[in-house]
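[1] Structure, please.
(5 chains)
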Amino acid sequence: MEAKQTTDQYYQAEEKQYSYLNLGPTHPATHGIFQNVLKMDGEIIMDAEPTIGYIHRAFEKLAERRPFYQITPITDRMNYCSAPINNIGWHMTVEKLLGVEIPKRVQYLRVIVMELARITDHLICNAVIAVDTGALTGFVYMFQQRELVYEIYEELCGARLTSNVGRIGGFERDFTPKAWEKIGRFLKEFPVVMKEFENLLVRNRIFMDRSIGTGGITAERALSYGFTGPNLRAAGVDYDVRVAMPYSSYEDFDFIIPIGTNGDVYDRFMVRQEEMWQSMSIIKQAIAKLPEGPFHANVPDFYLPPKEEVYNNMEALIYHFKIVMGETDVPKGEVYHAVEGGNGELGYYLVSDGGRTPYRLHFRRPCFIYYQAYPEMIKGSMLSDAILTLSSMNVIAGELDS
Amino acid sequence: MTINLFYFLSFVAVFSALLVVFSKNPVYSVLYLIITFFAIAGHYVLLNAEFLAAVHVIVYAGAIMVLFLYVIMMLNLNTETEPHKSNLLKFAAAICAGLLMIVLVGSLKGSELLQSPVMVHDVGLVKNLGKVLFTDFLLPFEIASVLLLAAMVGAVMLGKSEKPPANETKTSK
Amino acid sequence: MIPIDYYLWLSAVLFTIGVMGVLYRRNAIVVFMCIELMLNAVNLVMVAFSNYRNDAAGQVFVFFIMAVAAAEVAVGLAILIVMYRNTKTTDINILNRLKW
Amino acid sequence: MLTNRSKVVVKKEMNFWERIYLPAILGGIVITIKHLFRRSATVRYPEKKREISAIWRGQHVLKRDDIGAERCTACGLCAVACPAEAITMIAAERKKGEENLYREEKYASTYEINMLRCIFCGLCEEACPKEAIFLTDRIIETDYGRKGFVFGKDKLVEPVDQRVDVSKRQTPAVLEFKQHKQLTHNK
Amino acid sequence: MISFLLYKGILSGAILALTLLVAAYSTYAERKIAAFLQDRIGPDRAGPFGILQPLADGLKFIMKEEIIPNVSNKLLFVLGPCIAMLTALMAGVIIPWGGTLIMDGVEYSLQIADLNIGILYVFGVVSIGVYGIMIGGWASNNKFSLLGAIRASAQMISYEIAMGLSIIALIIMTGTLSLREITLLQTGGVGGDWNMWNVVYQPLGFIIFLICAFAECNRTPFDLPECETELVGGYHTEYSSMKLGFYLFAEYINMFVSSAVISTLYFGGYNFPFMNNLGLDHNTITILGTVAFFLKITFFIFFFMWIRWTVPRFRYDQLMNLGWKMLIPLAVVNIFLTGLVLIFMNR
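    Numbering: from 1, shown residues only, chains lettered A, B, ... in the order given. Predicted coordinates:
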C-alpha cells in the first residue's frame, strides 16, 4: 500500500521535476511573435517546442489572387529587415518567367540596393545579438547607421521599411543625385562605426565566452535541415547563392565568402560582420563599374509607359490600362528563382497557368527552416544561450508564416 | 531599559521560533527563523559580543538561511508538499518536548543565585577574541578550516549529478 | 545587567521548541532548521557564560559551532537535493528505509 | 568547399590579455566615453522635423487642376491597382453647371481610402492616368477611433486655396510636358 | 542627552534625505549618461534639461495602478520590496560622511554610528539584502521571477565571499574594522604626511572589491537577476507602481552606498590631497572633505553607469566560474601577499 503510494508520488514528482517556461509569444527577446515552450530543469533546457502561426497572413494565397505587380508589396512583409531583396527577388522571378533581358545598369543598381539591404539585415541581427548579451550601446550605434540606409531607400522609393522598391523590369525611377550622395555618405560613415562596434564586442572575453560554443550546429546537420545563408556558412559550408547560381551580374564582382568553423553564435556573428564588409566592397565595385543606360528594361507588357505618354497618347494609355488591370499575357510554365536573401536562400517557386495571377506561388523562406532546428540547437544549453541562439539565427517572425 | 530590551528580544525569539515549527509553508518557516536569528543577534549585542553578533548575522541570516531558501525555491516546495502527519505523532511530539522542558526546568532551578564575578566585559572585542582564537585555540581553528573544506568538497560532489550538469549546489562560507 | 539565569531560561525554551520541531515536522528541511534553532540556543548560553565569566573561550566555541553548522547545512542540503532528485520528496519517512 | 573564395573569419583563441577581461573592457569604455562628447543624433521631434524625401509616400491627395476642378474621373484604376483593397469609389455623372467643379464628364461622388488598410505602396499613384491621385510627404494624423481613418473626399481633395505641390515627385519629362498648354491634358 | 539625540536625529534625517535624493537623481543620471554615451539626448522635457524628471517618475510610480497578482503570496509580495529598500538604507549608518564639526566647543562627528565592528556591519546588511530580491521573486509566482530570484541568491552569496576576502587583506594592513579609523589612516594622502590612499597599497584588492560591488548591486555585467532580454524583468517582472519603484530605488541606493564604501576603504573617504597643508580651519576642512567625498562617490556612480552601458553580461555559469575560480583565489593570493609584505616591512 505504502509502496504503491510512493511510486505514485514518484511519477507525479518526475513530471514535476521539470518546469515549463513559455518563451513568447511576447517576450523581449523573441523579436517578433512566435512562441517556444521550453521544458526546463532549472536553467537548463531539456526540450523545446517552437510554435509558429501568430502572424499568419496567408501570403501565398493572397499572392494567388493578385496580378504579378501587386505581389511585390506582399513580399516586403516577409523578411522586413531586408525588404528590397525580397522585392527584387520577386521581380527577377517574373522576369525569368517572361524571359526578359535586363540591362547591365539595372542589374548593377539592383546589386547596390540588395547589398544595402543585406547590410541592414546583418546589422540588425548583430546589433540584436549585442543587446541580448546586454550591451545596448553598440546596438544604438549600429542603428544610427541603419537609419542612413533607410534614408537611401527613402530617396529611391519613398518608403523606409516596407520599401516596395523597383518594378518588374527595373526601377520605377532613376537614382537621384541625392540618393547617390546619401550612398556615398553611408559608405564613408559606416566603416567607422563598424570598427567601433567590433572593438566593443569581438575580442571582449565576456562576449566571446557567451557566444563561443553556444547554439552550435554541425555542417551535416545544418545541411540536412536545409540551412542556407550566413547560418550555413557559419557552420563551415561556403554555399552562397550569389556565387553558386549568380544572378543580377554577381559574377562581375569580387568578394569572398566568409565561413565559420562550427556554427556557433560567435561564428554567425563574425560571418555576418565580415559579410557586411564584403557588401560594402561590392557596393563600391558596383558604383565604380556602373555603366550608362536606362534604368529599366524594355518590357512594354509589364513596365508602365512614361506618364507623359499616358496623358497624351492613346497607345500608351491602352498599355497603361492593360498593365494596371493585370491583363497582359504571361507564358505558361514554372520557374524557381533564388536570391541570397539577408538570411539565406530566398526562393520563389512560381507556377503560371497563363492567367493574370500566379497559379501557385511558394516562397522558400529561410527563417522557417532555421526555426525547425531551434530545439535541437538549444537542447542542453541554458536559457541565456537559447535567447542568444535565437537572435543569432536572426529568425524573423514575418518569414515564419506564409 | 536593558531588561526591557531583553524581554522584547526574548519574546520575538520565542514567538518566531514557535512559528518556525508551526507554519505550514517552509518559506514562512525560513523567514521566521531569520527573525529568530536577528533576535539572538540582538541578545549577543546585549552580551557585549558585537563581533559575534555581526558574524552571526552574516553567517546565519546571510548565508545559511539563503541556502535554505535557495533549496526550497529550487525544489519548489510549498504547503501542498508537506506530507500529512497523524495527530497521534503530533501529540507524542508535544509530550516529548514537554518532558524535556520539565527536565530542563528541574536542572536550571536555582541558577538565579549565580552572579557575575567580574565587572569588565571586553572579551567580545575583535582584538581579544582574535588573540584567544589564534593562541589557545589554534589547532581547533585549523581543524575547523579543514572541516569546512571537506564540507565544501562533499557538497559539490553530492550536488553534481550524473545527468548533464544541472544545478550545482554551492556551499556558503 | 541581565542576570545569567534569564539567558538560561530563554535558551532552554528555544531548545525545547527546536526539539519539538524536529519531532513534530516531517519535512526534512524544516527539521534541519529546527536543528539550527537548537544549536543557536546552545550558542546563546555559551555567549552568556562567556560574558558572565569574562572568558573568551565561550565565544570561540560559538565560532566553532557556527563553522560546524555551516558545514552541516552545506552537506545536509546537498544530501537533501540528491535525495529529492531520487525520491522527489523531502519527507523524512521516505528516508527511513535508507535506500531508494 | 564549393568555391575557392571562402575564408575562415573566426579566431576563437584568446591571448592572455583577452583572457583577463580588463583590457577589452577598458577599450570598450574608452569607445563609449568618446561618444559622450559627440553630437547627438536625436531629432527633437515636435519642434524639429526630420527632412523627408521628396518622393515620400505619405498621405494621399486628390488633385485639382488649374481652375480648381477635380481631376479624378473615377476610372477605378487606382482601386484595381491597390494591393490592400483600401480604395472605394462611387462614380457619378457630371451635371450641367458643374464644369468648374469636375474636370471630366464622370467624377467620383464618393472616394474613400481606408488608411488602416492602406500600405502606402504607391501603386495607386502609378496607376492613375489622369494625374489625379498622388501620395505626398504628409504623415497621417493619429486618431482614437477606426472611423477617423477612413478618409473621404473632404480630407483627400486638396483645398482650392491650399494647393499641395506634387511637382517634386513628377519626372522632368512630365513637368516639361505640362508646359505644353495646347494639349488636351493640360487645358 | 537631548542635544545628543537631536544631533543624531538631524544627522540621520539629513543622511536619509540625502540618500534618497542621490538615488532619485541617479535614476536621472543613468538615463542621461546612457543617452550621452549612445549619442542621444535623454530626458529633457520635465524642467530645464529634464532636471525634474525624477519627480515626474516618482509621481508616475505613485499614480500607477497597484497590481498584486492573484496567484502570488500577497504578504511576501509586499514584503519583498520593503526589505530591499530597508536593507539598502541601513548601510548608510556606518559610513563616515565627513570629519568632525566643532561648534561651541562641542565636537560633532558626521557619522551616525562608529561601531567597532564597522565593516562587518556593512557585510551583515549586504548579506540580508538578498532576501528582498529572493522573497519578491518567489512570491510573484512567476517562473521568470523565480529564475531571477534564484540567480540573485546564488550570485550574491558567491560574490560576498570574494568581497569579504578582498577586504580581509585591507584589514590586515590597517589593523582595524572601524571605517572611521580606516579613513583616518589615509589622512593627508598626496602632500603633507604622504599617507597614500589604500588603493595604492591594495590595487588587486580594490579591483576584486569593485567587481564584487558590481555583482552585489546587480549591475551589468552582473545583472542576471533582472536581465530584461532573458527574464523579462527578472525578480520584478510582476511588480508595478511604487513597489517596482522601491526595487529600482533600492538598486540605486545600493549603488550609492557601495560607491561610498569604495571611496572610504580605498580612496581616502573624506580626505583630499594637501588637506592639512592649506592652513584652513577645522570646520572648513571638514566641509571640503565632505564635498570631496561626494565627488568621489559621484565618480564611482558614474563609473557604475559607464560600465553598464559598455559591456555585455555574463552567463550564469560563467558568473559562478568568475566568482569561485578567479576572484576567490585571487583574493586569497592577495591576502598572502599582503601578509608577506607586512612581515617583511616589520622586520
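[2] all contacts plus neighbour counts: C-alpha atoms, from now on.
    OK.
[3] tell me the contacts of the residue of chain A found nearest chain D?
    Using CA to the nearest CA, the closest approach of chain A to chain D is made by residue A:158 at 3.9 Å. Residues in contact with residue A:158 (CA atoms under 8 Å, 6 or more residues apart in numbering or on different chains) are D:53, D:54, D:55, D:56, D:57.
[4] cool, residue E:265 as well?
    Residue E:265 touches E:179, E:182, E:183, E:198, counting by CA under 8 Å, 6+ apart.
[5] Can you tell me the element it falls in?
    Element membership for residue E:265 (DSSP states H and E) is helix E:241-266.
[6] How about the helix or strand following that helix and chain D, touching?
    Later in the chain than helix E:241-266, the nearest helix or strand by DSSP H and E is helix E:282-308. Yes - counting by CA under 8 Å from any CA of the partner chain, contacts between helix E:282-308 and chain D involve E:306, E:307.
[7] How far off centre is helix E:282-308?
    13 Å (CA atoms, centre = their mean, to the nearest Å).
[8] helices or strands up against that helix?
    helix D:22-36, helix E:2-37, strand E:100-103, helix E:241-266 (3 or more CA pairs under 8 Å, 6 or more residues apart in numbering or on different chains; DSSP states H and E).
[9] Swap in 10 Å and give it another go.
    Counting contacts by 3 or more CA pairs under 10 Å, 6 or more residues apart in numbering or on different chains; DSSP states H and E, helix E:282-308 packs against helix D:22-36, helix E:2-37, strand E:100-103, helix E:203-216, helix E:241-266.
[10] Distance to residue A:397 for those - can I get that in a markdown table?
    Shown next, in a markdown table, are these (distance: least, CA to CA, whole Å):
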| stretch | distance to residue A:397 |
| --- | --- |
| helix D:22-36 | 32 |
| helix E:2-37 | 29 |
| strand E:100-103 | 64 |
| helix E:203-216 | 35 |
| helix E:241-266 | 31 |
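[11] mind checking which of those is nearest residue A:73?
    For the helices and strands packed on helix E:282-308, proximity to residue A:73 was assessed by CA to CA; helix E:2-37 is nearest, at 35.9 Å.
[12] pLDDT on the closest one, on average?
    Regarding helix E:2-37, the rounded mean pLDDT is 86.
[13] Pick out the residue in chain D sitting closest to chain C.
    Taking CA to the nearest CA, chain D has residue D:20 as its residue nearest chain C, at 31.0 Å.
[14] Could you check how far that residue is from chain B?
    24 Å (CA to the nearest CA, to the nearest Å).
[15] Likewise for residue D:38?
    For residue D:38, the distance to chain B - CA to the nearest CA - is 45 Å.
[16] Just give the closest residue to that residue, not the sequence neighbours.
    residue E:39 (6.5 Å; CA to CA, 6 or more residues apart in numbering or on different chains).
[17] now the angle from the helix or strand residue A:142 falls within to helix E:2-37?
    Using DSSP H and E, residue A:142 sits in helix A:136-157. When axes from the mean of the first three to the mean of the last three CA atoms, to 10 degrees is applied, the directions of helix A:136-157 and helix E:2-37 differ by 40 degrees.
[18] Can I get helix A:136-157 as PDB, trimmed to CA atoms?
    Taking C-alpha atoms only, helix A:136-157 is exported to PDB below (Å, rounded to 0.1, in the frame of the first residue of the first chain):
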ATOM      1  CA  LEU A 136      22.800  48.100 -25.600                       C
ATOM      2  CA  THR A 137      25.200  50.800 -26.700                       C
ATOM      3  CA  GLY A 138      26.600  49.000 -29.700                       C
ATOM      4  CA  PHE A 139      23.100  48.400 -30.800                       C
ATOM      5  CA  VAL A 140      22.300  52.100 -30.800                       C
ATOM      6  CA  TYR A 141      25.500  53.000 -32.700                       C
ATOM      7  CA  MET A 142      24.600  50.400 -35.400                       C
ATOM      8  CA  PHE A 143      21.000  51.600 -35.600                       C
ATOM      9  CA  GLN A 144      22.100  55.100 -36.400                       C
ATOM     10  CA  GLN A 145      23.700  53.600 -39.500                       C
ATOM     11  CA  ARG A 146      20.600  51.600 -40.300                       C
ATOM     12  CA  GLU A 147      18.900  55.000 -40.300                       C
ATOM     13  CA  LEU A 148      21.200  56.100 -43.100                       C
ATOM     14  CA  VAL A 149      20.400  53.100 -45.200                       C
ATOM     15  CA  TYR A 150      16.700  53.700 -44.700                       C
ATOM     16  CA  GLU A 151      17.200  57.300 -45.800                       C
ATOM     17  CA  ILE A 152      18.700  55.900 -49.000                       C
ATOM     18  CA  TYR A 153      15.700  53.700 -49.500                       C
ATOM     19  CA  GLU A 154      13.500  56.700 -48.900                       C
ATOM     20  CA  GLU A 155      15.300  58.600 -51.600                       C
ATOM     21  CA  LEU A 156      14.900  55.600 -54.000                       C
ATOM     22  CA  CYS A 157      11.300  54.700 -53.500                       C
END
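[19] Quick check: buried residues in it?
    Neighbour-count burial for helix A:136-157 flags A:136-146, A:148-157 (criterion: 16 or more other CA atoms under 10 Å in any protein chain shown).
[20] Filter those residues to keep only those in contact with chain E.
    A:136, A:137, A:138, A:139, A:140, A:141, A:144 (CA under 10 Å from any CA of the partner chain).
[21] My read is that the last one contacts residue A:127, right?
    To tie it back to what came earlier, the one meant is residue A:144. No - using CA atoms under 10 Å, residue A:144 is not in contact with residue A:127; the gap is 11.1 Å.
[22] Contact residues of chain A facing chain B?
    That would be A:16, A:17, A:41, A:42, A:43, A:44, A:45, A:46, A:380, A:381, A:382, which are the residues of chain A within reach of chain B (CA under 10 Å from any CA).
[23] would you list those residues in CSV and tack on neighbour count, pLDDT and distance to chain E?
    What follows is the residues of chain A next to chain B, written out as CSV (neighbours: other CA atoms under 10 Å in any protein chain shown; pLDDT from 0 to 100; distance: CA to the nearest CA, whole Å):
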residue, neighbour count, pLDDT, distance to chain E
A:16, 14, 56, 14
A:17, 18, 65, 14
A:41, 19, 77, 11
A:42, 18, 73, 8
A:43, 20, 79, 8
A:44, 23, 82, 11
A:45, 24, 85, 13
A:46, 21, 83, 16
A:380, 21, 82, 13
A:381, 20, 85, 11
A:382, 23, 85, 8
